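# Need the 3D shape of this:
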Amino acid sequence: MLVPLTREKFNQLVPLIATGQQYKYYWGKFPDFLQRLLISVVAAAIVLVVKVIFRLDFGPIVFLLGLIGAFYWLWGPVFWASMQNAKCRRYKYSGFFRGRVLDWWITDELVGKQETVDGKGDLVIVENREKRINLEVGDDTGFTAQIKAPLRVEHKAITRGQVAEMVVMSNRPDLSRIEQITDVYIPRRELWVNDYPYLRRDYFPEVSRRLRDRQQERRSQRYRPEVDVESRESRRNKGSRQSRRWEEEEMDNY
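Numbers count the residues shown, from 1 in each chain. So this is what the prediction gives:
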(Lines give C-alpha, C1' and ligand atoms only; values in the text may rest on other atoms or scores of the structure.)
Protein backbone atom coordinates (compact mmCIF):
# COMPACT_ATOMS: atom_id res chain seq x y z
CA MET A 1 0.00 0.00 0.00
CA LEU A 2 1.27 3.43 -0.93
CA VAL A 3 -0.59 6.53 0.30
CA PRO A 4 0.55 10.00 -0.87
CA LEU A 5 1.40 12.41 1.94
CA THR A 6 0.75 16.11 1.98
CA ARG A 7 3.73 18.40 2.22
CA GLU A 8 2.63 19.54 5.66
CA LYS A 9 2.46 15.96 6.93
CA PHE A 10 5.85 15.12 5.45
CA ASN A 11 7.47 18.17 7.05
CA GLN A 12 6.13 17.01 10.39
CA LEU A 13 7.59 13.54 9.91
CA VAL A 14 10.99 14.80 8.69
CA PRO A 15 11.58 18.14 10.47
CA LEU A 16 14.05 20.73 9.30
CA ILE A 17 15.76 21.06 12.69
CA ALA A 18 17.37 17.94 14.14
CA THR A 19 15.43 15.83 16.62
CA GLY A 20 16.93 14.29 19.74
CA GLN A 21 17.54 10.95 18.01
CA GLN A 22 19.22 12.68 15.06
CA TYR A 23 21.39 14.79 17.36
CA LYS A 24 22.46 11.65 19.18
CA TYR A 25 23.35 9.97 15.88
CA TYR A 26 25.72 12.77 14.84
CA TRP A 27 27.07 13.18 18.34
CA GLY A 28 28.79 9.87 17.71
CA LYS A 29 31.26 8.20 19.98
CA PHE A 30 34.04 9.67 22.09
CA PRO A 31 36.56 9.96 19.19
CA ASP A 32 33.97 11.94 17.24
CA PHE A 33 33.54 14.30 20.18
CA LEU A 34 37.32 14.77 20.45
CA GLN A 35 37.51 15.59 16.75
CA ARG A 36 34.84 18.28 17.07
CA LEU A 37 36.51 19.64 20.19
CA LEU A 38 39.82 19.93 18.33
CA ILE A 39 38.11 21.80 15.50
CA SER A 40 36.56 24.17 18.05
CA VAL A 41 39.91 24.90 19.67
CA VAL A 42 41.60 25.50 16.30
CA ALA A 43 38.78 27.76 15.09
CA ALA A 44 38.87 29.87 18.26
CA ALA A 45 42.67 30.11 18.07
CA ILE A 46 42.57 31.25 14.42
CA VAL A 47 40.06 33.98 15.18
CA LEU A 48 42.17 35.16 18.13
CA VAL A 49 45.39 35.22 16.10
CA VAL A 50 43.72 37.12 13.24
CA LYS A 51 42.38 39.71 15.69
CA VAL A 52 45.78 40.21 17.37
CA ILE A 53 47.88 40.33 14.17
CA PHE A 54 45.62 42.44 11.97
CA ARG A 55 44.11 44.47 14.83
CA LEU A 56 40.67 44.46 13.28
CA ASP A 57 38.13 47.00 14.48
CA PHE A 58 35.21 44.65 14.02
CA GLY A 59 35.27 43.65 17.67
CA PRO A 60 31.70 42.30 18.08
CA ILE A 61 31.81 40.40 14.78
CA VAL A 62 35.16 38.79 15.56
CA PHE A 63 33.95 37.89 19.03
CA LEU A 64 30.82 36.29 17.58
CA LEU A 65 32.83 34.26 15.07
CA GLY A 66 35.16 33.11 17.79
CA LEU A 67 32.23 32.13 20.00
CA ILE A 68 30.60 30.15 17.19
CA GLY A 69 33.83 28.35 16.40
CA ALA A 70 34.53 27.59 20.05
CA PHE A 71 31.18 25.88 20.50
CA TYR A 72 31.29 23.82 17.30
CA TRP A 73 31.60 20.69 19.44
CA LEU A 74 28.09 21.43 20.75
CA TRP A 75 26.14 22.69 17.72
CA GLY A 76 27.94 20.60 15.09
CA PRO A 77 25.58 17.59 15.39
CA VAL A 78 22.57 19.87 14.96
CA PHE A 79 24.03 21.33 11.77
CA TRP A 80 24.92 18.00 10.16
CA ALA A 81 21.62 16.38 11.09
CA SER A 82 19.70 19.35 9.69
CA MET A 83 21.70 19.08 6.46
CA GLN A 84 20.79 15.40 6.25
CA ASN A 85 17.12 16.27 6.71
CA ALA A 86 17.37 18.94 4.04
CA LYS A 87 18.50 16.32 1.51
CA CYS A 88 15.21 14.48 2.05
CA ARG A 89 13.09 17.61 2.07
CA ARG A 90 14.33 18.61 -1.38
CA TYR A 91 12.14 15.91 -2.92
CA LYS A 92 8.80 17.31 -4.02
CA TYR A 93 6.55 14.35 -3.23
CA SER A 94 6.37 11.67 -0.58
CA GLY A 95 4.20 8.75 0.42
CA PHE A 96 3.45 6.39 3.28
CA PHE A 97 4.42 2.83 2.37
CA ARG A 98 3.10 -0.31 4.05
CA GLY A 99 4.40 -3.67 2.91
CA ARG A 100 5.97 -6.75 4.43
CA VAL A 101 9.42 -8.04 5.30
CA LEU A 102 10.46 -10.19 2.34
CA ASP A 103 13.89 -11.24 3.57
CA TRP A 104 16.70 -10.32 5.95
CA TRP A 105 20.33 -11.31 6.37
CA ILE A 106 23.38 -10.26 8.38
CA THR A 107 26.70 -9.09 6.95
CA ASP A 108 30.03 -8.19 8.48
CA GLU A 109 31.22 -4.92 6.95
CA LEU A 110 34.29 -2.74 7.18
CA VAL A 111 33.46 0.63 8.74
CA GLY A 112 36.95 2.04 9.17
CA LYS A 113 40.65 1.44 9.52
CA GLN A 114 43.03 2.47 12.27
CA GLU A 115 46.81 2.58 12.13
CA THR A 116 48.74 1.57 15.24
CA VAL A 117 52.17 0.32 16.22
CA ASP A 118 52.71 -3.11 17.71
CA GLY A 119 55.28 -4.10 20.35
CA LYS A 120 58.03 -4.49 17.74
CA GLY A 121 57.53 -1.01 16.38
CA ASP A 122 55.90 -2.18 13.16
CA LEU A 123 52.96 -0.34 11.67
CA VAL A 124 49.79 -2.37 11.94
CA ILE A 125 46.47 -1.55 10.29
CA VAL A 126 43.48 -2.58 12.38
CA GLU A 127 40.19 -2.99 10.56
CA ASN A 128 37.04 -1.92 12.39
CA ARG A 129 34.19 -4.17 11.36
CA GLU A 130 30.53 -4.03 12.31
CA LYS A 131 27.68 -6.48 11.92
CA ARG A 132 24.79 -5.06 9.96
CA ILE A 133 21.30 -6.26 9.22
CA ASN A 134 20.08 -6.10 5.62
CA LEU A 135 16.31 -5.82 5.36
CA GLU A 136 14.29 -6.24 2.16
CA VAL A 137 10.70 -5.01 2.15
CA GLY A 138 8.07 -5.00 -0.60
CA ASP A 139 4.39 -5.22 -1.45
CA ASP A 140 2.02 -6.93 -3.88
CA THR A 141 2.76 -4.47 -6.68
CA GLY A 142 6.31 -5.79 -7.03
CA PHE A 143 8.01 -2.80 -5.40
CA THR A 144 10.99 -3.77 -3.25
CA ALA A 145 13.53 -1.78 -1.27
CA GLN A 146 16.52 -2.63 0.88
CA ILE A 147 17.82 -0.93 3.97
CA LYS A 148 21.03 -1.57 5.87
CA ALA A 149 21.50 -0.77 9.54
CA PRO A 150 23.77 -1.65 12.47
CA LEU A 151 22.68 -4.90 14.08
CA ARG A 152 21.00 -4.60 17.47
CA VAL A 153 19.72 -7.19 19.94
CA GLU A 154 16.06 -6.29 19.34
CA HIS A 155 16.42 -7.19 15.67
CA LYS A 156 16.07 -10.84 16.71
CA ALA A 157 12.31 -10.29 16.72
CA ILE A 158 12.23 -9.63 12.97
CA THR A 159 10.66 -12.41 10.88
CA ARG A 160 9.64 -12.72 7.26
CA GLY A 161 6.09 -11.64 6.57
CA GLN A 162 5.88 -8.95 9.25
CA VAL A 163 4.23 -5.66 8.31
CA ALA A 164 6.84 -3.00 7.54
CA GLU A 165 6.21 0.73 7.14
CA MET A 166 8.29 3.67 5.99
CA VAL A 167 8.16 6.95 4.05
CA VAL A 168 9.28 7.07 0.42
CA MET A 169 10.26 10.14 -1.58
CA SER A 170 10.12 11.02 -5.26
CA ASN A 171 10.12 13.94 -7.67
CA ARG A 172 7.15 12.49 -9.58
CA PRO A 173 3.58 13.24 -8.47
CA ASP A 174 2.46 9.63 -8.97
CA LEU A 175 5.42 8.27 -6.98
CA SER A 176 6.20 5.96 -9.89
CA ARG A 177 9.92 6.28 -9.24
CA ILE A 178 11.11 6.07 -5.64
CA GLU A 179 14.41 7.87 -5.13
CA GLN A 180 14.81 7.81 -1.35
CA ILE A 181 13.47 5.84 1.60
CA THR A 182 13.56 6.42 5.33
CA ASP A 183 14.02 4.08 8.26
CA VAL A 184 11.67 1.10 8.50
CA TYR A 185 9.12 0.70 11.29
CA ILE A 186 7.66 -2.68 12.27
CA PRO A 187 4.46 -1.83 14.20
CA ARG A 188 3.80 -5.29 15.58
CA ARG A 189 7.05 -5.15 17.56
CA GLU A 190 7.30 -1.34 17.78
CA LEU A 191 10.74 -1.82 16.27
CA TRP A 192 12.86 0.49 14.13
CA VAL A 193 15.45 -0.57 11.59
CA ASN A 194 17.65 2.31 10.56
CA ASP A 195 21.09 3.78 10.28
CA TYR A 196 20.14 7.46 10.36
CA PRO A 197 16.78 8.13 12.09
CA TYR A 198 14.95 10.22 9.50
CA LEU A 199 11.46 10.01 11.02
CA ARG A 200 10.10 11.42 14.24
CA ARG A 201 9.68 8.47 16.58
CA ASP A 202 6.93 10.22 18.54
CA TYR A 203 4.80 11.07 15.50
CA PHE A 204 5.16 8.35 12.85
CA PRO A 205 3.42 5.57 14.87
CA GLU A 206 0.40 7.87 15.28
CA VAL A 207 0.25 8.47 11.52
CA SER A 208 0.52 4.73 10.99
CA ARG A 209 -2.34 4.03 13.39
CA ARG A 210 -4.62 6.60 11.77
CA LEU A 211 -4.05 5.25 8.28
CA ARG A 212 -4.57 1.69 9.50
CA ASP A 213 -7.87 2.62 11.19
CA ARG A 214 -9.01 4.47 8.07
CA GLN A 215 -8.20 1.47 5.90
CA GLN A 216 -10.14 -0.89 8.17
CA GLU A 217 -13.10 1.50 8.19
CA ARG A 218 -13.20 1.62 4.39
CA ARG A 219 -12.89 -2.14 4.20
CA SER A 220 -15.81 -2.64 6.61
CA GLN A 221 -17.96 -0.19 4.65
CA ARG A 222 -17.11 -1.96 1.41
CA TYR A 223 -18.36 -5.34 2.64
CA ARG A 224 -21.29 -4.15 4.77
CA PRO A 225 -24.61 -5.65 3.47
CA GLU A 226 -27.02 -2.93 2.35
CA VAL A 227 -30.26 -4.29 3.83
CA ASP A 228 -32.86 -2.62 5.99
CA VAL A 229 -32.77 -4.49 9.26
CA GLU A 230 -35.64 -3.73 11.60
CA SER A 231 -35.28 -4.09 15.29
CA ARG A 232 -37.41 -6.56 17.23
CA GLU A 233 -39.21 -3.73 18.96
CA SER A 234 -40.10 -1.94 15.70
CA ARG A 235 -41.44 -5.21 14.23
CA ARG A 236 -43.49 -5.80 17.37
CA ASN A 237 -44.94 -2.28 17.23
CA LYS A 238 -45.68 -2.64 13.53
CA GLY A 239 -47.43 -5.95 14.14
CA SER A 240 -49.56 -4.56 16.94
CA ARG A 241 -50.58 -1.56 14.79
CA GLN A 242 -51.53 -3.92 11.94
CA SER A 243 -53.62 -6.16 14.23
CA ARG A 244 -55.47 -3.15 15.63
CA ARG A 245 -56.24 -1.95 12.09
CA TRP A 246 -57.63 -5.38 11.18
CA GLU A 247 -59.80 -5.39 14.33
CA GLU A 248 -61.14 -1.94 13.47
CA GLU A 249 -61.96 -3.05 9.92
CA GLU A 250 -63.77 -6.16 11.19
CA MET A 251 -65.84 -4.06 13.63
CA ASP A 252 -66.88 -1.72 10.82
CA ASN A 253 -67.86 -4.65 8.60
CA TYR A 254 -69.85 -6.19 11.39
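# the strands in the chain, which residues?
2-5, 93-117, 123-138, 144-150, 163-170, 180-181, 184-186, 191-193 (DSSP state E).
# Identify the neighbouring strands of the first one in the sheet and state each direction.
Looking back up the chat, that one is strand 2-5. Neighbouring strands of strand 2-5 in its sheet, by DSSP bridges, are strand 93-117 (antiparallel).
# picking that back up, got TSV for the strands of the chain, with distance to Pro205, mean neighbour count and mean pLDDT too?
Placement of C-beta: from N, CA and C, glycine included. Shown next, in TSV, are these (distance: least, Cβ to Cβ, whole Å; neighbours: other Cβ atoms under 10 Å; pLDDT from 0 to 100):
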stretch	distance to Pro205	mean neighbour count	mean pLDDT
strand 2-5	15	16	92
strand 93-117	12	14	88
strand 123-138	17	14	88
strand 144-150	18	15	94
strand 163-170	9	22	96
strand 180-181	18	16	94
strand 184-186	7	22	96
strand 191-193	10	20	95
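# Just tell me which of the ones you listed ends up closest to Pro77.
Ranking those by proximity to Pro77 (Cβ to Cβ) places strand 144-150 first, at 17.7 Å.
# strands paired with the closest one, and their directions?
Note on strand 144-150: by DSSP bridges, its sheet partners are strand 123-138 (antiparallel).
# next one: the strand it pairs with to chain centre, how far?
Put simply, strand 123-138 sits 22 Å off its chain's centre (Cα atoms, centre = their mean, to the nearest Å).
# Could you check the angle it makes with strand 163-170?
Interaxial angle, strand 123-138 versus strand 163-170 (axes from the mean of the first three to the mean of the last three Cα atoms, to 10 degrees): 100 degrees.
# quick one: contacts of strand 123-138?
97, 99-118, 144-152, 155, 158, 164, 166, 184, 193 (Cβ atoms under 8 Å, 6 or more residues apart in numbering).
# Could you save the strands of the chain as a markdown table and add columns showing distance to Arg36?
A markdown table is the format used below for these (distance: least, Cβ to Cβ, whole Å):
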| stretch | distance to Arg36 |
| --- | --- |
| strand 2-5 | 35 |
| strand 93-117 | 17 |
| strand 123-138 | 19 |
| strand 144-150 | 21 |
| strand 163-170 | 30 |
| strand 180-181 | 27 |
| strand 184-186 | 30 |
| strand 191-193 | 26 |
